[in-house]
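> make a model of this:
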Amino acid sequence: MPIRPPTADDLRALADSLYLELTDEEAAVFSELARERVEAYETVRSYDLEPRLGGREPRERTGGRRPRDDEDPHNAWVTKCRVAGDDDGDGDLEGWEVAVKDNVCVAGVEMTCGSQVVEGYVPTVDATVVTRLLAAGADVVGKTNMDDMAITTSGYSTFGPIRNPHDPEHTAGGSSGGSAVVVATGEVDAAIGSDQGGSVRIPAALCGVVGHKPTYELVPYTGCVGLEHAVDHPGPMGPDVETVARVLSTIAGSNERDLRSHAPVPVERYEECLDGDVSELTIGMLTEGFEKPEADEGVLEAVRNSIDALAERGASIEEVSVPMHEDADAIHTVCSAEGLLDAMIGEGLGHGWKAWYNTSWVDTFGKFRRAQADDFPARLKLSLLMGSYANNEYHSRYYADGMNLVVELTERYDEALERCDLLAMPTTVVTAPKLEPDQDEFDRLRETGIVANTTPFNRTGHPAISTPAGAVDGLPVGLQLVGRRFEDATVLNAADALERARA
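The predicted structure is shown next:
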């Protein structure tokens, strides 16, 4: 559709929102010049670029269907489908069935982001991680349920709560709750989640599976929908460390359509690094990661016991303190509000990052949010309002201060990781929350603390894994291990050592 040049009245209305007061002469001249500039917009739209992500190659694709209640007792799926992976006999994941969180594009399959606002959107391309899974021989068998627009970690989708496989009266956590559930129940070999503040690690911990947030930039985010490109990470989830490592080996690597990094990222065959030997590692127990007022003492004890198990396998353990960790969640909250605002103004992707943009998503999201913004979840609305308020009233000063503090925070963790190879702490200091049928989304707004140990490493980009560390009253507990950037292999191997110790 050709672009309509703005009228003088259009420009006056826009000027008001930009704190400009146009004179009659300015409005007339700018309107005339805007007509000339429309040619540049038409030139841009004249190109019919071939998508550089997957989805156009011939392969078997069975479109999605919503599962019946009896097929999905935990409400873990949004859509069942089958997209066939390569079957040439050379794929590292040939024959594997993999689930994909429903904010990751799979061509020809509806993507809802767990939200009624964008329900009905069907991507025409595969996300880069999906392309790599299919090329490795894996079959994509469905899209998993998630917290509405990935904005919370409570395990509540617009399609209802995602139930914990260990006790359906508790939630699975989020926002990648569905991915954690289908791994825990054995419905798939592995799953892909996304992590913006703990959304892979939290449900992994609460459901008793392994979830890895890779080093920032190790795995491309192109073709996925997140909250803010500075913190978004796709990550693998599996029943054990080896599975997660094998998936990471498949999806990791530089992406020519994602230009955030000027140099190829270092990758390894992560499954080949799993020898369970931690005898030369020093693990720092992060004091502030345990000292939380809402902490369940049973969870802390289970995590300490798991760290003791690593010591028994030869690791050196010492106490480490990073006082700034206590304020990391506050820093994340402040930065995320205006980061989310930018993503929303940028029609679900944001502006200014050098990568491939999914134009069909941008166009669809832009239309849907203008028609149904009132249907966004309360937490997203609150974050948008706070971001807009801080932007308008305080001119992004707090955002700038917060992002500068992220640099300081990164340096504090790096200093601790000069003394230690890994940092250890509970993934969450509580077990899975109980389902509260009478609780509304405003009540859930007041839930605090569950992300305090996970959000910092979305900001700093350090690799972090949640691995099972026992249970309290039948509900799983997770140990989080954090490593130096791009030393994902060390993180995975330590988790593998604990797995062997618990075998």
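> from here on, contacts and neighbour counts on C-alpha atoms
Will do.
> and the lowest-mean-pLDDT helix or strand in the chain, which residues are buried?
Using mean pLDDT, DSSP states H and E, the weakest-scoring helix or strand in the chain turns out to be helix 441-445, at a mean of 80. In terms of neighbour count (16 or more other C-alpha atoms under 10 Å), helix 441-445 has its buried residues at R444.
> check stretch 22-39 too.
Going by 16+ other C-alpha under 10 Å, stretch 22-39 has these buried residues: L22, A27, A28, F30, S31, A34.
> against A40, how distant is the second one?
Summarising the geometry, the distance separating A27 from A40, computed by C-alpha to C-alpha, to the nearest Å, is 20 Å.
> same question, G474
From G474 to A40 the distance is 62 Å (C-alpha to C-alpha).
> same question for I331.
Taking C-alpha to C-alpha, one finds I331 at 40 Å from A40.
> swap in M324?
48 Å.
> swap in G114?
37 Å.
> between these two, point out the one with more neighbours.
G114 (25 against 11; other C-alpha atoms under 10 Å).
> the more buried one: which element?
Following DSSP states H and E, there is no helix or strand that holds G114.
> wait, what's in contact with the spatially closest residue to it that is not a sequence neighbour?
Excluding its sequence neighbours, the residue lying closest to G114 (C-alpha to C-alpha, 6 or more residues apart in numbering) is D148, at 4.5 Å. Contacts here follow C-alpha atoms under 8 Å, 6 or more residues apart in numbering; on that basis D148 touches C113, G114, S115, Y156, S157, T158, S175, F376, P377.
> what's the closest of those to V362?
C113 (13.8 Å; C-alpha to C-alpha).
> just give the number of residues close to D167.
Neighbours of D167 (other C-alpha under 10 Å): 15.
> residues contacting it?
Counting by C-alpha under 8 Å, 6+ apart, D167 has contacts L475.
> now do the phi/psi pair for it.
phi -160, psi 100 (degrees, to the nearest 10).
> for the stretch 351-500 of the chain, give me the ranges with low pLDDT.
447-448 (pLDDT under 70).
> chain neighbours aside, what residue packs nearest to H233?
Closest to H233 by C-alpha to C-alpha, 6+ apart is D195, at 5.1 Å.
> check the one you found and give its pLDDT.
For D195, the pLDDT comes out at 98.
> what of the one 4 residues further on?
On the pLDDT scale, S199 is placed at 98.
> possible to save the contacts of D148 as CSV with distance to P2?
What follows is the contacts of D148, written out as CSV (distance: C-alpha to C-alpha, whole Å):
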residue, distance to P2
C113, 30
G114, 33
S115, 31
Y156, 41
S157, 38
T158, 36
S175, 39
F376, 30
P377, 34
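> for R369, see how far away R379 is.
16 Å.
> cool, and E393?
24 Å.
> neighbour count: the two, which is higher?
A count of neighbours by other C-alpha under 10 Å puts R369 above the other of E393 and R369, at 17 against 9.
> give me the distance between the more buried one and Y389.
On the measure of C-alpha to C-alpha, R369 and Y389 end up 20 Å apart.
> same question, H351
For H351 relative to Y389 (C-alpha to C-alpha), the value is 20 Å.
> can you name the next helix or strand after the least confident helix or strand of the chain?
helix 455-460.
> how far does that next one sit from the chain's center?
The chain centroid and the centroid of helix 455-460 are separated by 11 Å under C-alpha atoms, centre = their mean, to the nearest Å.
> got the contact list for that helix?
195-198, 216, 230-233, 325, 328-329, 332, 406-407, 409-410, 463-464.
> mind listing which of those are in helices?
Among those, the members found in helices (DSSP state H) are H325, A328, D329, H332, V406, V407, L409, T410.
> buried sites along stretch 11-23?
L11, R12, L22.
> contacts only, for the last one.
Just to be clear, that refers to L22. R12, A15.
> now the second one
Taking C-alpha under 8 Å, 6+ apart as the contact definition, R12 lies against E21, L22, A27.
> looks to me like the second one is in a helix.
No. Membership of L22 in a helix is not supported by DSSP: H, G, I helix; E, B strand; the rest coil, which gives coil.
> show the pLDDT at it.
At L22, pLDDT is 94.
> same for the least confident helix or strand of the chain, what does it pack against?
Packing partners of helix 441-445 (3 or more C-alpha pairs under 8 Å, 6 or more residues apart in numbering; DSSP states H and E): helix 378-394.
> what does the helix it packs on contact?
Contacts of helix 378-394 (C-alpha under 8 Å, 6+ apart): 151-152, 334, 336-341, 396-398, 441-442, 445.
> just the buried ones among the residues you listed, please.
I151, T152, V334, S336, A337, E338, G339, L340, L341, S396, Y398.
> dump the C-alpha coordinates for the helix or strand hosting the last one into PDB.
Just to be clear, that refers to Y398. Here Y398 sits within helix 397-419, counting by DSSP H and E. Extracted in PDB, the C-alpha atoms of helix 397-419 (Å, rounded to 0.1, in the frame of the first residue of the first chain):
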ATOM      1  CA  ARG A 397      18.000  10.000  33.300                       C
ATOM      2  CA  TYR A 398      17.100   7.000  35.400                       C
ATOM      3  CA  TYR A 399      17.400   4.700  32.400                       C
ATOM      4  CA  ALA A 400      20.900   6.100  31.600                       C
ATOM      5  CA  ASP A 401      21.900   5.800  35.300                       C
ATOM      6  CA  GLY A 402      20.700   2.200  35.300                       C
ATOM      7  CA  MET A 403      22.500   1.200  32.200                       C
ATOM      8  CA  ASN A 404      25.700   2.700  33.600                       C
ATOM      9  CA  LEU A 405      25.100   0.700  36.700                       C
ATOM     10  CA  VAL A 406      24.900  -2.400  34.500                       C
ATOM     11  CA  VAL A 407      28.500  -1.800  33.500                       C
ATOM     12  CA  GLU A 408      29.500  -1.500  37.200                       C
ATOM     13  CA  LEU A 409      27.500  -4.600  38.000                       C
ATOM     14  CA  THR A 410      29.200  -6.600  35.200                       C
ATOM     15  CA  GLU A 411      32.600  -5.500  36.500                       C
ATOM     16  CA  ARG A 412      31.700  -6.600  40.000                       C
ATOM     17  CA  TYR A 413      30.800 -10.100  38.900                       C
ATOM     18  CA  ASP A 414      33.800 -10.300  36.600                       C
ATOM     19  CA  GLU A 415      36.000  -9.400  39.600                       C
ATOM     20  CA  ALA A 416      34.400 -12.300  41.600                       C
ATOM     21  CA  LEU A 417      34.900 -14.600  38.600                       C
ATOM     22  CA  GLU A 418      38.600 -13.700  38.600                       C
ATOM     23  CA  ARG A 419      38.800 -15.300  42.000                       C
END
